[in-house]
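Peer 1: Sequence isn't available, so here's the structure alone:
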């Protein structure tokens, strides 16, 4: 018996039905975007934090956070996002980076910065520069325009001139509050005032990036370099694991390769991001006497911000609706 052919009307119904089924299928959720920033840890004394000063810090963090997120929101890369956020804090004199960098024992600002692209991965860093307004941009140029990872001191500034970067006089970094801090540190015969700025970001393509910038320690010995420009110590990003930026006592971060350690725990021990950050900050750093914190982000958009100091300036924003600025352990301080 021959099979009956469908009528033209039945064919139309079949096509319409298939179209309706396709229309009913849920659309794929857009890839997440996120950015996390920090503005230093261990420098926050609640007893000295007036409402006006706290509001100023929160405004500075908000401006940096939103500058980075806007890059991601319009489809920009994670590298451009972390640059935008860190550059904003470098230009804000209340943070220890760029314009607001602390002064060394000679009364000069010596600036360190690093950036890392989770794809590749690739990295660039500078250390001990004294005339570069935005060290994070020079670190990006080292990564993109040279075969090297780290350039220091006069060599880094020669490279900056080769790349058309305009240098600024050393007096640009000598702000009254930093001069006062230096006088206090000299009287105490020590170095202090930890602080660093940093950002980690995830873009629509799933690429991670990390950036960190600092003036180091007040009254530090001339030529001292901390963890910030040392890839794996204060800055690290790899798309196979996570992106991390640290802030705290740099010597401890160098000895324990803190930023890489977080990502290694995620990659090899299969820890969650929060577990890895807790293990490094609250267990390993504490055990050695190190103080500070880290911010971290993975490709799933998971965020971790943890510290073992009194406080850590920090902020986070993502495409799921999260947006927060915090300074102490409890965000409602």
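Peer 2: Thanks, I have the structure now. None of these values were measured; they are calculated from a predicted model.
Peer 1: CA atoms for contacts and neighbours, from now on please.
Peer 2: OK.
Peer 1: which sections of the protein are below the confidence cut-off?
Peer 2: The chain contains residues with pLDDT under 70 at 1-27, 43-44, 189-194, 330-333.
Peer 1: Could you tell me how far residue 133 is located from residue 109?
Peer 2: Remark: distance between residue 133 and residue 109 (Cα to Cα, to the nearest Å) = 11 Å.
Peer 1: can you give me the helices in the stretch 51-200 of the chain?
Peer 2: 51-73, 78-90, 135-145, 153-162, 176-188 (DSSP state H, counting those that start in this stretch).
Peer 1: Deepest in the core, which of the ones you listed is it.
Peer 2: helix 78-90 (a mean of 27; mean count of other Cα atoms under 10 Å).
Peer 1: now that helix against helix 135-145, angle please.
Peer 2: 150 degrees (axes from the mean of the first three to the mean of the last three Cα atoms, to 10 degrees).
Peer 1: returning to that earlier point: tell me which of the helices of the stretch 51-200 of the chain sits nearest to residue 105.
Peer 2: Nearest to residue 105, of all the helices of the stretch 51-200 of the chain, is helix 176-188, at 7.7 Å by Cα to Cα.
Peer 1: I'd like to know which elements that closest one is packed against.
Peer 2: On a contact count with 3 or more Cα pairs under 8 Å, 6 or more residues apart in numbering; DSSP states H and E, helix 176-188 meets no helix or strand.
Peer 1: Closest to the centroid, which residue in this protein?
Peer 2: Residue closest to the average C-alpha location in the chain (Cα atoms, centre = their mean): residue 199, at 1.7 Å.
Peer 1: where do the strands sit along the stretch 101-250 of the chain?
Peer 2: Ranges of strands in the stretch 101-250 of the chain, per DSSP state E, counting those that start in this stretch, are 111-117, 122-129, 150-152, 197-202, 208-214, 235-237, 242-248.
Peer 1: what's the first one in contact with?
Peer 2: This points to strand 111-117. Contacts to strand 111-117, defined as Cα atoms under 8 Å, 6 or more residues apart in numbering, come from residues 79, 97-98, 101, 122-130, 135-136, 139-140, 143, 207-216, 225-226, 228-231, 235-238.
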